[in-house]
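Asks: Predicted model, plus sequence, below.
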Amino acid sequence: MATNLKNLSEFDPTIVPPSKNMRFGIVVAEWNSEITESLLKGAYDTLMKAGTSEGNILVQHVPGSLN
């Protein structure tokens, strides 16, 4: 894959509001897990850097997605 291991996001952590008291849900498709697990890791790491408490992040895996 040409974009493997490349960060394609324009992300500025200085503009992300503090999220210590916020709760988040992340839904992850089990289909194509090589990609979806990488997306989960990026989302999770971003929330942790923004100060989210680990207990305030709910991750739910689902079989796949529909168009």
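Replies: Right, received. Where do you want to start?
Asks: I'd like the distance from the least confident helix or strand in the chain by mean pLDDT to the chain centre, please.
Replies: Evaluated with mean pLDDT, DSSP states H and E, the helix-and-strand set of the chain has its lowest mean pLDDT in helix 33-49, which scores a mean of 91. Shown here is helix 33-49, whose average C-alpha point lies 4 Å from the average C-alpha point of the whole chain (C-alpha atoms, centre = their mean, to the nearest Å).
Asks: and the end-to-end length of stretch 24-34?
Replies: From the first residue to the last, stretch 24-34 extends over 22 Å; the measure is C-alpha to C-alpha, to the nearest Å.
Asks: Please renumber the chain so that the first residue is 43 from this point on.
Replies: With 43 as the first residue, the last one maps to stretch 66-76.
Asks: what's next to stretch 82-99, contact-wise?
Replies: Outside of stretch 82-99, the residues that reach it under the criterion C-beta atoms under 8 Å, 6 or more residues apart in numbering are 51, 53, 55, 58-66, 68, 70, 101. C-beta here means a position set from N, CA and C on the backbone, and glycine is covered the same way.
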